[in-house]
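Engineer: sequence and predicted structure below; questions after.
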Amino acid sequence: MLIKVLGAAAGGGFPQWNCNGRMSARVRRGEAGLKARTQSSLTVSSNGRDWVLLNASPDLRQQINDTPELWPAADGPLRNSPIKAAVLTNGDVDHIIGLINLREGQPFSVYASERVMGTLNANSVFNVLNPDKVQRITLGLNTATALAGADGDIGITVEAFDVPGKVALYLEDASKGGSFGTQVGDTIGLKVTDSATGKSFYYIPGCADVDEALAKRVRGADLVMFDGTLYTDDEMVVQGLMPKTGARMGHISMSGADGSIAAFADLEVKRKVFVHINNSNPALDDNSPERKAVEEAGWEVGFDGMEIRL
């Protein structure tokens, strides 16, 4: 199974289009140790021909252009694509808007939880994906689903499971109190398995807490690609970027006693990669003490174009 990181940044990318914060300004200046990153998405294939998108970021068109594996086959028909399916882990703008890039009558399948599928169905703009050619398939939780494109099985199964998180920002309902109306299925993780080899990994780009159920699930995994939005919970407040903490946005921090590094310390996961990394996160700097701490704890910081084979 081949996994490619299409975009490793959180919403807004790195640098964010309107951000003159410390980190975004530095990457624009081309400072050593800082690499630009597009918004959060992966692609995975069992056979090297049929590809599955895990989330569809607003930067998807650029990401496809930067990834030859996702180009139309040169010896194929005038319109063709190796992208056979897209699986969504939440309804955040940075994970669903890229679907609009996949219009133009190309057949493929979209998989999402009942909650996220309801969001797509309620917004008519997504009907640019011709419903006669693009299937929308609701994922059940805690059960393996064999993914299929228009031509049938593509050798990848996913098991969706609920993780601690928050309803998408544009769907928040303040009348619901601190939960903002969050329900089961608003944020899911995926266990992605190669049907031929049985190899699997976990993709969890949004998560508010590593609770007992999640820790038990991922213990001993070969690979976990996990929410790396913030290094410290208050970093965007401290940097003057916005008044929200990571906890308020539904994201666990990397550092601290309640952070993901500490939570994974004893879970015996063989390889751990942070993805969905916010432009405020100092761990994006290869030469920072925060990056050193991340790497000393056995984690990697994902980047666009990163390849992993299982």
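Structural biologist: Thanks, I have the structure now.

Engineer: would you mark the buried spots in whichever strand or helix holds residue 25?
Structural biologist: Residue 25 is part of helix 22-28 when elements are defined by DSSP states H and E. Going by neighbour count (16 or more other C-beta atoms under 10 Å), the buried part of helix 22-28 is 23, 24, 26, 27. Where C-beta positions appear, they are placed from N, C-alpha and C, glycine not excepted.

Engineer: can you check stretch 192-210 too?
Structural biologist: Across stretch 192-210, burial judged by 16+ other C-beta under 10 Å covers 192-195, 200-210.

Engineer: tell me which of those is nearest to residue 246?
Structural biologist: Proximity of the buried residues of stretch 192-210 to residue 246 (C-beta to C-beta) peaks at residue 208, which lies at 8.5 Å.

Engineer: tell me which element the closest one falls in.
Structural biologist: Using DSSP H and E, residue 208 sits within no helix or strand.

Engineer: ok, for it, nearest residue in space, not its chain neighbours?
Structural biologist: Nearest non-adjacent residue to residue 208, counting by C-beta to C-beta, 6 or more residues apart in numbering: residue 164, 4.1 Å away.

Engineer: so which of the buried residues of stretch 192-210 belong to helices?
Structural biologist: Secondary structure assignment by DSSP state H places none of the buried residues of stretch 192-210 in helices.

Engineer: how about the contacts made by the residue nearest to residue 23 when sequence neighbours are not counted?
Structural biologist: Leaving aside its sequence neighbours, residue 23 sits nearest to residue 279 (C-beta to C-beta, 6+ apart; 5.5 Å). Neighbouring residues of residue 279 by C-beta atoms under 8 Å, 6 or more residues apart in numbering: 9, 10, 12, 13, 14, 15, 16, 19, 21, 23, 24.

Engineer: so for the strand of greatest length in the chain, mean pLDDT?
Structural biologist: Of all segments of type strand in the chain, defined using DSSP state E, the longest is strand 152-162. Across strand 152-162, pLDDT averages out at 96.

Engineer: how far does stretch 268-281 sit from the chain's center?
Structural biologist: On the basis of C-alpha atoms, centre = their mean, to the nearest Å, stretch 268-281 sits 11 Å off its chain's mean C-alpha point.

Engineer: now do the end-to-end distance for it.
Structural biologist: This stretch, stretch 268-281, spans 25 Å end to end (C-alpha to C-alpha, to the nearest Å).

Engineer: check stretch 127-140 too.
Structural biologist: One end of stretch 127-140 sits 23 Å from the other (C-alpha to C-alpha).

Engineer: list the buried ones in that stretch?
Structural biologist: For stretch 127-140, the neighbour count (16+ other C-beta under 10 Å) marks 129, 134, 135, 138, 139 as buried.

Engineer: give the residue farthest from the middle of the chain.
Structural biologist: Ranked by distance from the centre of the chain (C-alpha atoms, centre = their mean), the top residue is residue 75, with 31.5 Å.

Engineer: tell me which of the buried residues of stretch 127-140 fall in strands.
Structural biologist: Members of these lying in strands (criterion: DSSP E): 134, 135, 138, 139.

Engineer: go through those and say which is closest to residue 40.
Structural biologist: The closest of these to residue 40 turns out to be residue 139 (C-beta to C-beta; 18.6 Å).

Engineer: once you drop chain neighbours, what's closest to the closest one?
Structural biologist: Residue 139 sits nearest to residue 160 (C-beta to C-beta, 6+ apart), 4.4 Å away.

Engineer: ok, now how distant is the one you found from residue 128?
Structural biologist: Plainly put, residue 160 is 25 Å away from residue 128 if you go by C-beta to C-beta, to the nearest Å.

Engineer: any stretches of the stretch 101-250 of the chain with poor pLDDT?
Structural biologist: Applying pLDDT under 70 to the stretch 101-250 of the chain flags no residue at all.

Engineer: what about the helices in it?
Structural biologist: Per DSSP state H, counting those that start in this stretch, the stretch 101-250 of the chain carries helices over the ranges 114-122, 212-218, 235-238, 246-249.
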